[in-house]
Structure formats: structure tokens, C-alpha cells
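S.K.: here's my sequence, what's the structure:
(2 chains)
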Amino acid sequence: MRFKASIQNISTFTKLTASLNSLGPLAWVKLSEEQVCFTIIPEQGTQVWAVLSIDTIFETYTIQSAAQNIINLEVPLNSLNRALKSALNATSAQIRLTKKDNIPLLALTIVTTSSTSSRGAFPPGGNNYEDGFETSTFDSGFGQSRETVITQEVPVRVLSPDLVAGLHEPQCREPDVHIILPPLMQLKSISDRFTKLALAGGKSASGTTASHRTRLEMAANMHGCLKMSIRTDAMSISSVWTDLSNPELDPSQVAGGEIGIAEHPSTRMKQLGSADGRSEEGWAMVRIDGRDWGKVMSVGRLGGRVIACFCHEHALILYVYLPNENGEEESVLTYYVSSYSA
Amino acid sequence: MDDDENLFDQDVPIFSAVSSSARQLYSLLRCIGFADKANVQISDEGLRFSVDETSVMEGFVFLDKSLFTTYAYRAPPASSHTHDSNHSQGSDDEDSSNPTFQISLPSLLETLQIFGLTDQQSTSRAPWSHSTYQTATATAFAPNTIGFNNLCRLYYSTLGAPLTVILTESTIRTTCDLTTYEPQYIEDIPFSRQSIVLKIIMRASWLFDAVTELASTNPEHLTLIAREVKGRSIFALAASGPLGSATVQFNKNPSSTSTSTSYQNTRHTSTVPDDHQPPDPHLLETFQLSYPHSTLRYTYKFSLIQKAARAMAVATKVSVRGDDQGVLSLQFMIEGEGGNVSFVEFHFVPLAKEEHEDGYEEEGDGQDRMHIPHNMHALPLRFHIHFVSQATKPASKAAEYPAI
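M.R.: Take a look at the predicted model:
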């Protein structure tokens, strides 16, 4: 079992692990010859199934295993994220699967270069040492620059193919409405305020702390409108975005081709509602937890286009397409948010 | 108004107003933001928000109709049958028919704050934001460019309906329905404008500085002391608590100039900018005492006075008034965008006087306490801080302020 790769996009990898970490502490990482999959299945809340093309984060990628060259790992995201953070200013970083005292590890080798103009100011062998990290310094000998190599070790668990065989991506019926979301950071700032409002309203309502969870209602129609609302005893508030776009379905991707599209639920939803968002009809709505939603929105830091698919009163599926250097969006993060019943 | 008579149907809302600055409404209402619920009264002149704290403190904010770009109010028919016979003009209706209700103040404040959130997002555009979003908002006819942005609409359709706040910003429209509750009729604190014994007008920021300074000793009580000695006006705030006592004294000294001490200069820089007129050489713009030869001394709960700190911080001027019962009125003048002026007012009930202590003290008695060292005359603002250890704390209240 061998895995070795150099990380070509450290900042993307760091942001990805940070936003995945907000949803759950452990990720199932599936490394194969074509792609890297990150899957978070928390006990409750939102599931993430991320499929990344190799070159989104890695280059010079080598993988070997007895099971069709596939390696399944359970990775603690917090440790991985912390290790990656120390690589943010690195000139190069490598990751490989190794073993130490019979414990499998992901070893991150980070090379940083510091110029020696500050040679007089800092004593040689600086204070790059951190607890638990092996640090070794080399002097280039020419006195021009100093290379520092940091190795960070993240203990992982290797998962057998049988163990992950039972894990499947959630199945969902065809969505009623699909829409491109406004910038997630904007959406998050408003949803966070809504959550705060609900908490403030709940507090003043004679101390009824029965509903700790704040139920956010998200709805969208096929006319470019997105609605987010929350209701408490003291108030009800809703924000409506208009002029968003509903992407056209690709006949090659829909079961049944052109006929499939004609019978697709979203085609029927197009007949209902209006573009100003004032009509009561044509909305596909889900009820979600405000705090959980805030965590999902943290993926906004990765940028990228987000398409939300609404299955009325059932589930909300977000497809986050990561921008690639060659302009092709091959990497996609899929978030499954299930709706609460009323 | 005549048109309103003809349109006497249910479709016309009682109240509807549009403001182009939710931020200004927010900054005014935040002055009374310490309360959970606020009473709102709608009238021809504007909206009156009032809050109260255990019936010993009241706060009022008046949102004058001049703060709104449009303001339409139609008094609801008090009782439709009696009014049908004599069609009196709507404006002649007595005050009692003006709708009054209660709303959740934190909810309103949070809603008004939603405004501008997306503004910030677009100005300080995050480096990770995708380029496809920028093209959507950056066209020449985008609401941002034309100026249709930043609209806040208030709406109250009929008695018992929710108070609706609608905020519009580029392509986002936020609607908030605030549940209106039956108002709690609490008797207003009786502040007698006919028998005012003290009136001081000063910069609000100085009062803010003084209260902030005094708060550091975590006091329980705040005593307001005012008197005139040999033509000089003296106004002091004394705080006492378990850790000791502290006094801030404002002297109105006609002979002193603004450059008399460096300390005063630093005061001026910390105040609200007031560029068109030179700094006032007098600390107290107005100082009026009905009985100038005796010392006026009223005590209030410090924590209540502190609740007005938000208003002290944003206001330009404050009018401090006391009536003969010791009820204190702090009226703050707040200058808004475009030079319009709003007022926020607070009323406080004094603490009961201790045994023989009276609001006024005898001339001779006061003379000793108000003794001021000669070399301090030029100092317009003085701080006296006395730390009293728990063991040696004097029993009598008067002894705590020996320097005054």
C-alpha cells in the first residue's frame, strides 16, 4: 500500500479541510487513480460527498494497493487542517502514507525557504520547533537562503474495502427546483443574523427554551427567486433574492432525455410562481437547522459556483463546483441537507 | 387630507413611511436598546418609542416624520358609528385614538441591522469570491448604481396587525413582521415641567466621559450635586459603592478660557466634531438653579443612569433637568445625517433620601463642603477619587464626600 503526492494547491486544500471540519471531525478519504473523495457522514446534520479531480490539490501522484489501487482512510480533519496551515507559506509540500510504531500516518513534509538577509537578527536554528513535530534545518551552504523542512504527522486509520462497501451516497428523487445561489458569504451573513434574531426572540418569549434549534425555512422557485425565512413568537422575517438564475437541464444527464426533461418536476414548477417572488405559488421549501446551515455555508470560502436543488419538504442538495485552473469544473462537493418535518 | 375622507376604506393603511436611512433609525433606537419590549405610538408627527425599567426609569425616542422621505398616517376611526355622523377632520382626533402597541425591541434592532450587511460584502469583496457574481451586480443600471438602494419601509395596516419593516437592497428584499402586543400601560414617571429647579445644558460626551470614569469603581449610587458659590456654578457627579467613592466636578467659570488647561483641550478633541464654531469656553452652556444659594443633592441608582450611556456617546448636547421632587430628565440632542436633529429622553426616579438628608442643604453647611482650593479655579473639570476601605468606611453618607 503506497501513497505519495506533492500538494500543488495548499490554500485550497486548507480551506477545504477547514470547511469540512465544521461539519464533522472525521472524514472518509478514498484515494484512487482518478480522483480523491472526501466524505463526511456525521451522526446528524449535513452529509458531504466531495469528489475532487487529482489535480485540484495534488500533482505527481502515486498510488498502489492490493485492492484495485484504492486506499480508504479515516482522517481526523482537525489535525490535517492544522498541519496544512503550517504549510501555507511553503515552497513545496509533500504528503505520503507511512507507518511508525505500527501506526499508519499521513506524513506531511513541508519545505519553506527564508531569505538570509535576517541572518543577524535571528540566531541560527530559529524557533521553528513545535511540540510533536520533527524539525530539521539545512543550511544551503551558500548563505543565500535557508531551507527549513518540517514534517507533520497525522495519525490515520486504514479502512478495509468491506468496511466502506456499505457506505452509499444518499438517493434522492428528482428536485423540484434548481437554482444558482447568491454568494455564500452574503447568504451566511444574513442567515447568521436570522439565527441570532430567533434566539433573541425565543429568550424574551417568557423563557420558553424548548426549541434550542432554530428552524430556518429555505425556499426557491423556478423564476430566479430564493427565500429564507424564520418565525418566532415575536416576529417573522424573510429575505427574498430575485434575479438569480435557474440553470437549464442537460438532456444527456437526465434519465429519458428530452422526454425526461418534459416530465421533470422542475418543468411543472416553471408554470407556477413569478419572478418578483411575491407569489405564494411555485416554491419548493425545506426546513433546516440554522446552525447546521451556517456550517454548510462555510464552504463559501472556497469560492465556486453553487447550485441548490430543492426537493419540496424533503431535502436540499447543494453542488459546489470548485473552479479549476484549466477552467473545467471537474471537482464537486455535494452537500445533502435533509428537511425537518413541520 | 380631504382625499383620505373619500378613500375611507380598509385598503388604506393606518401608517406607512419610507426612510432612506435605516442606519439612522437604528442609531436612535439603539439608545433605548436595553429593554426587551418597547411601546410604540404612531401619530401625525412621528413615531414615539418608549421603554421602561421597573417603573423607575423611562426612555423615549421620537422618530419625527422629517426623518422619513414619505410619511402617511391616517388615524383609525376610534369607534366607527359615532364618527360617521359628524365627519370631523382626521387630524382633530384626540391623542387617545392614536394607535399604541408593544413590539420586541431587540427584534426590530436586529432587523434594521440586516441593512448594510450585503453592502459591506460588496465593498470589501472577498478575494475568494467568484468572478461570475461580480458581473451580476456591476452593470450601469444595477440598483446600487442608480441609488434605489437602501430603502426602509415601515407599514402598519390595521389595528392589531403586525408592524412590517421592509428593507430593500439591490436584489434582496427583507420583510419582517413584528408581532404587535397590547401595550402595557405604565404610568409615566411624573416629571413636572412647571417646577424645574435645575437646568444644565452641556456637551453629552462630557457626561459620557464622567459616567464612564465613575463606572470604574463599580458604584451603586450616583449623586448629582449642584450649587452656586460666589457667582460660580458648580455641578458634580459623585458615585459611591462598596469599593469607595469618586467625584467628577464640572465648574462653570466665566473667567476661564478654553486654553486654560491642557486637560480641557484633550476634552475637546474627544467630543463630537463641531467644526463650524469654536470650542465653547464654558463647560456648562446653561446653568440655572431655582434656589442658587443652597446645594441641590439628588441620588439615583448608578446602573440605571448607565443605561443612558449609549445616548450620551452619540448625542451632541444634553439637557439635564431636575424637578422639585428630584425626578431627573436627561434629554439628548442627536444630530443625524443631513443635519436634522432628534431627541432621546430619559426620566429617572430618585432614591429615597436618608433620614435627615434633604434635597437642599443650609447655606452654612454647604459652604464648608463646597470649599474649593484657590489654585484649582481654572480647572473646569476635576476628579476626586476617594477609596474607602471596607473597615474604615464612614457610616454617614455626607462624610463620604469631604472635598465638596
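S.K.: walk me through the domains of the chain.
M.R.: Using chain A here. For chain A, automatic domain parsing gives the domain ranges A:2-165, A:177-338.
S.K.: ah, no, chain B please
M.R.: B:2-178, B:196-400.
S.K.: re the thing from before, out of the domains of chain A, which one sits most buried?
M.R.: With neighbours taken as mean count of other CB atoms under 10 Å in any protein chain shown, the domains of chain A reach their highest mean count in domain A:177-338, at a mean of 18. For glycine as for every other residue, the C-beta is placed from the backbone atoms N, C-alpha and C.
S.K.: now the domains of chain A as JSON lines including mean pLDDT and distance to residue B:76?
M.R.: Converted to JSON lines, these look like this (pLDDT from 0 to 100; distance: least, CB to CB, whole Å):
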{"stretch": "domain A:2-165", "mean pLDDT": "83", "distance to residue B:76": "48"}
{"stretch": "domain A:177-338", "mean pLDDT": "84", "distance to residue B:76": "22"}
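S.K.: ok, now how distant is the nearest residue in space to residue A:67 that is not next to it in sequence from residue A:66?
M.R.: Leaving aside its chain neighbours, residue A:67 sits nearest to residue A:161 (5.0 Å; criterion: CB to CB, 6 or more residues apart in numbering or on different chains). According to CB to CB, to the nearest Å, residue A:161 stands 10 Å off from residue A:66.
S.K.: do residue A:91 as well
M.R.: In terms of CB to CB, residue A:91 sits 35 Å off from residue A:66.
S.K.: still on that earlier bit, from what I can see the residue nearest to residue A:67 touches residue A:70, true?
M.R.: Yes: counting by CB atoms under 8 Å, residue A:161 does reach residue A:70; the two are 7.3 Å apart.
S.K.: please name the residues that touch residue 289.
M.R.: As the question left the chain open, I've gone with chain A. A:45, A:213-216, A:340 (CB atoms under 8 Å, 6 or more residues apart in numbering or on different chains).
S.K.: oops, chain B please
M.R.: Residue B:289 touches B:197-198, B:226-228, B:233, B:296, counting by CB under 8 Å, 6+ apart.
S.K.: out of the residues you listed, which are close to chain A?
M.R.: Among the contacts of residue B:289, no residue sits close to chain A (CB under 8 Å from any CB of the partner chain).
S.K.: tell me which of these is nearest to chain A?
M.R.: Using CB to the nearest CB, residue B:198 comes nearest to chain A of those, at 36.4 Å.
S.K.: report pLDDT for that closest one.
M.R.: With respect to pLDDT, residue B:198 scores 91.
S.K.: and for residue B:133?
M.R.: For residue B:133, the pLDDT comes out at 40.
S.K.: check the contacts of residue B:289 and tell me the two furthest apart.
M.R.: B:197 and B:233 (14.0 Å; CB to CB).
S.K.: which residues in the stretch 151-300 of chain A form strands?
M.R.: A:157-159, A:177-180, A:215-220, A:226-231, A:235-241, A:284-289 (DSSP state E, counting those that start in this stretch).
S.K.: so the longest one versus strand A:215-220, what angle?
M.R.: Relative orientation of strand A:235-241 versus strand A:215-220 (axes from the mean of the first three to the mean of the last three CA atoms, to 10 degrees): 30 degrees.
S.K.: contacts for strand A:235-241?
M.R.: Taking CB under 8 Å, 6+ apart as the rule, strand A:235-241 contacts A:182, A:190, A:194, A:197, A:201, A:217, A:225-230, A:277, B:104, B:107, B:111, B:114, B:162, B:171-179.
S.K.: so what's residue A:318 up against?
M.R.: A:181, A:296, A:306-309, A:333-335, A:337.
S.K.: return the subset of the residues you listed lying in helices.
M.R.: Counting by DSSP state H, the part of those found in helices is residue A:296.
S.K.: mind putting the contacts of residue A:318 into TSV with distance to residue B:333?
M.R.: Formatted as TSV, these follow (distance: CB to CB, whole Å):
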residue	distance to residue B:333
A:181	45
A:296	47
A:306	48
A:307	53
A:308	49
A:309	55
A:333	54
A:334	57
A:335	52
A:337	50
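S.K.: which ones among the contacts of residue A:318 lie within strands?
M.R.: Residues from the contacts of residue A:318 lying in strands, with DSSP state E as the criterion: A:306-309, A:333-335, A:337.
S.K.: what is the nearest of those to chain B?
M.R.: Nearest member of the ones in strands among the contacts of residue A:318 to chain B, counting by CB to the nearest CB, is residue A:306, at 9.2 Å.
S.K.: now that closest one: closest residue in space that isn't a chain neighbour?
M.R.: In space, residue A:306 is closest to residue A:181, 4.4 Å off (CB to CB, 6+ apart).
S.K.: contacts only, for that neighbour.
M.R.: A:187, A:226, A:244, A:306-308, A:318.
S.K.: rerun at 7 Å
M.R.: By CB atoms under 7 Å, 6 or more residues apart in numbering or on different chains, the residues touching residue A:181 are A:187, A:226, A:306, A:308.
S.K.: just the helices from the stretch 151-300 of chain A, written as ranges.
M.R.: Under the criterion DSSP state H, counting those that start in this stretch, the stretch 151-300 of chain A contains helices at A:161-165, A:184-204, A:257-262, A:265-270, A:290-297.
S.K.: helices or strands up against the third one?
M.R.: Under the contact criterion of 3 or more CB pairs under 7 Å, 6 or more residues apart in numbering or on different chains; DSSP states H and E, helix A:257-262 touches no helix or strand at all.
S.K.: quick one: contacts of that helix?
M.R.: A:249, A:251, A:254, A:267.
S.K.: check these and tell me the two furthest apart.
M.R.: Going by CB to CB, the pair spanning the contacts of helix A:257-262 furthest: A:251 and A:267, at 12.1 Å.
S.K.: which bits of the stretch 201-342 of chain A sit near chain B?
M.R.: Selection of the stretch 201-342 of chain A residues close to chain B by CB under 7 Å from any CB of the partner chain yields A:201, A:204, A:233-243, A:301-305, A:323.
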